[in-house]
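Novice: Sequence first, then the predicted structure, then my questions.
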There are 2 protein chains.
Amino acid sequence: MQDALSQTFAALADPTRRAILARLSEGEASVSDLAAPFLGSMSLPAVTKHLKVLEKAGLISKSRNAQWRPCKLEGEALRDASSWMEQYRVFWEESLDRLDAYLKTVTAKKAASKKRPSSRSRKNVRITK
Amino acid sequence: MQDALSQTFAALADPTRRAILARLSEGEASVSDLAAPFLGSMSLPAVTKHLKVLEKAGLISKSRNAQWRPCKLEGEALRDASSWMEQYRVFWEESLDRLDAYLKTVTAKKAASKKRPSSRSRKNVRITK
DNA sequence: CGGTTAATTAACTAATCAGTTAAATATAGA
DNA sequence: TCTATATTTAACTGATTAGTTAATTAACCG
């Protein structure tokens, strides 16, 4: 078996599984609730397998309620993955700085030759599935 | 072919590739530089393949310098992956809050029944390979 | 009990992945 | 041009993955 971080990233490397996590971020859901959006394109056992991958990676947990298995998002594994990534933050911020510098020279030139300056939003990071 | 985020996570789901990124975070390096630490456990073409995976995921880029191919870490893809994760931050912080709450009750009881309180560092996130 | 709903397991297939060795390509430099 | 170094490509193998259908388990309910 693999190390925890590899298992987490592998589990995240699939759009169906990420969509399941996105759904779970809105609250607990049973297997069939989670499967519903995908039953047009894959079978229920396929979803069961995706859930097993997520569960083994520690990204979700299942409990029991009669014949249902409510699933719940677990943050720990995501936090570990995210904090692993933090060590690289300087690399993407560095490139934004270069973009900033570039945009500033462009803006300066435009201002000098024509009209109003433009701005760029660095915050407002998009939330996607 | 897959979506960008899936490719990025898939590329990160391997300890050899993560180690290569870690090495590149210290500066550019040629293929053989990057391969050196692994030549005891895998062949050079295996490393070439790992580099190709990283390159296709946009995590690194290669340039040419004589017969060498200096590789460089590219931050963009990591930033995208990281900002995708951000939407889940509330989940792991929430669980830390619960841990906090729990630890407080324990600490309170200990303080009441015996000696000095303990503390927990939430910052100081470890940087690992 | 018998039927229905929820979910999992089994057995199988096709595709992709991580590695191998051997051969090919590219560049430098004597 | 010949040779050495750096790297890639080709062809192959075994393991893992993502899906399938069919059968099974589990729990509720009339």
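Specialist: Sure thing, it's come through. Source: prediction; values computed, not measured. Numbering: from 1, shown residues only, chains lettered A, B, ... in the order given.

Novice: Now A:Gln87: phi and psi?
Specialist: Backbone torsions for A:Gln87, taken as degrees, to the nearest 10, come to phi -60, psi -10.

Novice: Was I right to think it contacts B:Leu21?
Specialist: No. Between A:Gln87 and B:Leu21 there is no contact under C-beta atoms under 8 Å: 9.3 Å. Where you see a C-beta, it was placed from the backbone N, CA and C, and this is true even at glycine.

Novice: ok, A:Ala77 - contacts?
Specialist: By C-beta atoms under 8 Å, 6 or more residues apart in numbering or on different chains, the contact set of A:Ala77 is A:Ala4, A:Thr8, A:Ala57, A:Gly58, A:Leu59.

Novice: now the helix or strand containing the second one and helix B:4-12, what's the angle there?
Specialist: So that's A:Thr8. Element membership of A:Thr8, judged by DSSP states H and E, is helix A:4-12. Put simply, helix A:4-12 runs at 150 degrees to helix B:4-12, going by axes from the mean of the first three to the mean of the last three C-alpha atoms, to 10 degrees.

Novice: Put the alpha carbons of helix A:4-12 into PDB.
Specialist: Output of helix A:4-12 as PDB, limited to C-alpha atoms (Å, rounded to 0.1, in the frame of the first residue of the first chain):
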ATOM      1  CA  ALA A   4      -1.000   8.700   3.000                       C
ATOM      2  CA  LEU A   5      -0.200  11.700   0.800                       C
ATOM      3  CA  SER A   6      -0.100   9.600  -2.400                       C
ATOM      4  CA  GLN A   7      -3.400   8.000  -1.500                       C
ATOM      5  CA  THR A   8      -5.000  11.400  -0.900                       C
ATOM      6  CA  PHE A   9      -3.800  12.900  -4.200                       C
ATOM      7  CA  ALA A  10      -4.700   9.800  -6.100                       C
ATOM      8  CA  ALA A  11      -8.200   9.900  -4.700                       C
ATOM      9  CA  LEU A  12      -8.500  13.600  -5.700                       C
END
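
Novice: follow-up on the earlier one: of A:Gln87 and B:Leu21, who's got more company?
Specialist: B:Leu21 (22 against 17; other C-beta atoms under 10 Å in any protein chain shown).

Novice: Can you give me every residue that contacts that one?
Specialist: B:Leu21 touches A:Tyr88, B:Leu12, B:Leu54, B:Leu59, B:Ile60, B:Leu73, counting by C-beta under 8 Å, 6+ apart.

Novice: Show me the residues you listed that map onto helices.
Specialist: Among these, the members found in helices (DSSP state H) are B:Leu12, B:Leu54.

Novice: Nearest to B:Glu28 among the contacts of B:Leu21?
Specialist: The nearest member of these to B:Glu28, counting by C-beta to C-beta, is B:Leu73 at 8.4 Å.

Novice: Kindly report the residues of chain A close to DNA strand C.
Specialist: For chain A, the residues in contact with DNA strand C (C-beta under 7 Å from any atom of the strand) are A:30-33, A:35, A:44-45, A:48-49, A:51-52, A:62, A:67-69.

Novice: Filter those down to the buried ones and hand me the ChimeraX line.
Specialist: Buried residues among these (16 or more other C-beta atoms under 10 Å in any protein chain shown), as a ChimeraX selection:
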select /A:31,35,51,62,69
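
Novice: ok, which pair from the residues of chain A next to DNA strand C is furthest apart?
Specialist: Based on C-beta to C-beta, the longest span within these runs between A:Lys49 and A:Gln67 and measures 19.4 Å.

Novice: what number of residues lie near A:Phe9?
Specialist: 25.

Novice: before we move on, what about A:Ala13?
Specialist: Using other C-beta under 10 Å: A:Ala13 sits among 21 other residues.

Novice: what ranges of chain A fall below the confidence cut-off?
Specialist: A:95-105, A:107-129 (pLDDT under 70).
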